[in-house]
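*Asks:* Dropping a prediction and its sequence here:
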Amino acid sequence: MGLIRRLRVAQRAMERAMLGVSLRDQIRNEEIRRRTRVSDIAQRVAKLKWQWAGHIARRTDGRWGLKVLEWRPRTGKRSVGRPPTRWTYDIRRVAGSRWRQAAQDRVLWNSLQKTYVQLWTTIG
């Protein structure tokens, strides 16, 4: 959530700089976005993440990308607190636990993309 917020803040600052608008001008973000016609950075990042996950799941050449997604560290004692969230957790929330099999069907995978982007951008 913090990453999405920071990306959006940076994008809005860049859009204001493109238009030569200051925060003191009190122009709404929607108006600035309408003037610049730039897409939301959070939607773009979510779309690229979804496409990359599908690409990695479909690869069969044995490179380490898929192995890294499946890797679980074995370090003896667990640390105190909540376990760190993994990169694939939000993908599994949309595509299910068998997301790698779902990614093999490009039509199904592309149809799930819109749902994922909407879910990912409403978090922030």
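*Replies:* In hand now; what should we look at? The structure presented is a predicted model; accordingly, all values stated were derived computationally and were not measured.
*Asks:* Domains in the chain, by residue range?
*Replies:* Domain assignment for the chain, taken from automatic domain parsing, gives 1-38, 40-71+85-124.
*Asks:* can you list those in JSON lines and add mean neighbour count and mean pLDDT?
*Replies:* In short, each C-beta sits where N, CA and C put it, glycine included. Below are the domains of the chain laid out as JSON lines (neighbours: other Cβ atoms under 10 Å; pLDDT from 0 to 100):
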{"stretch": "domain 1-38", "mean neighbour count": "12", "mean pLDDT": "89"}
{"stretch": "domain 40-71+85-124", "mean neighbour count": "14", "mean pLDDT": "85"}
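*Asks:* Need the contact partners of the strand or helix carrying A42.
*Replies:* A42 belongs to helix 41-58 when assigned by DSSP states H and E. The contact list for helix 41-58, computed with Cβ atoms under 8 Å, 6 or more residues apart in numbering, reads 4, 7-8, 10-11, 65-66, 69, 88, 91, 99-100, 103-104, 106, 109, 112-113, 116-117, 120-121, 124.
*Asks:* hmm, 6 Å instead?
*Replies:* Residues outside helix 41-58 that contact it (Cβ atoms under 6 Å, 6 or more residues apart in numbering) are 4, 7, 11, 65-66, 91, 100, 103, 109, 113, 116-117, 120-121, 124.
*Asks:* Stretch 84-98 too?
*Replies:* Contact partners of stretch 84-98, identified using Cβ under 6 Å, 6+ apart, comprise 53, 69, 99, 102, 112, 115-116.
*Asks:* among those residues, which are in strands?
*Replies:* Among the contacts of stretch 84-98, DSSP state E puts none in strands.
*Asks:* nearest to V38, of the residues you listed?
*Replies:* Nearest to V38 out of the contacts of stretch 84-98 is Y116 (Cβ to Cβ; 21.2 Å).
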